[in-house]
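[1] here is the input, now give the coordinates:
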Amino acid sequence: MALPTANAVEAPVVELAVVTTAGSRVWVRLRTHPSAMVGVSILALYVVATLLGPLVLRWDPIHQTLSDAFLAASSGHPLGTDDLGRDELVRLMFGARYTLSLGFAAVAIGLAIGVPVGRSRATSEAGSTSSASVSQTSSWRFPTSFSHWLWLRSSGLGSPT
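    Numbering: from 1, shown residues only. You can find the predicted model right below:
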């Protein structure tokens, strides 16, 4: 019995569906912009340093050694010490945890409030082009103090300085 040759055997063609999500499309667009990649790289470095810093640097951020006050940068203290002899790098790494968590919390709160409010404003005024709705919508876009300043300047009541 002769074995079939490669030309004689036809394998079934299987087509795979490519699933694209909104997140994958955003990532593809981010990768094409060099400035966006620099920003993502800095943020990733900041997150990694924040998470791994306390594990790598085993010093206490509040431990005071007055004899080490105002030391210059060295191998023992890469960023030097402060007026109470505390290592500056350790304090930066531990403080970055709070800064990063506050930043993420602020973005989450902004999204939780801004998306529903923006969506409700967009859907409630769809197709409305009256001057009242335009002025009301523009007042949502600017902070109140800036809107007041702009109104005063345009009416001639504000100070020229």
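[2] what segments of the chain are helices?
    Using DSSP state H, the helices assigned to the chain run over residues 22-31, 34-56, 88-124, 131-141, 144-155.
[3] which of those sits closest to Pro78?
    Between Pro78 and the helices of the chain, the tightest spacing by C-beta to C-beta is seen for helix 88-124, at 5.1 Å. All C-beta atoms are positioned from the backbone trio N, CA, C, and that covers glycine.
[4] buried residues of the closest one, list them for me.
    Within helix 88-124, the residues that qualify as buried are Glu88, Leu89, Val90, Arg91, Leu92, Met93, Phe94, Ala96, Leu100, counting by 16 or more other C-beta atoms under 10 Å.
[5] next, count neighbours for the closest residue to the second one other than its chain neighbours.
    When you say that, I think you mean Leu89. The shortest distance from Leu89 to any non-neighbouring residue, by C-beta to C-beta, 6 or more residues apart in numbering, is to Leu79 (4.5 Å). The local packing of Leu79 (other C-beta atoms under 10 Å) involves 15 other residues.
[6] just checking, Leu79 touches Met93?
    No: with contact defined as C-beta atoms under 8 Å, Leu79 and Met93 do not form a contacting pair (10.2 Å).
[7] spatially nearest residue to Leu100, not counting backbone neighbours?
    Among residues not flanking Leu100 along the chain, Thr50 sits closest, at 5.2 Å (C-beta to C-beta, 6+ apart).
[8] so that neighbour touches Ser101, yeah?
    No: between Thr50 and Ser101 there is no contact under C-beta under 8 Å: 9.1 Å.
[9] low-confidence bits of this structure, can you list those?
    1-11, 14, 16-19, 125-149, 156-161 (pLDDT under 70).
[10] roughly how far does Trp84 sit from Val90?
    Not Trp; residue 84 is Leu. Taking C-beta to C-beta, to the nearest Å as the criterion, Leu84 is separated from Val90 by 13 Å.
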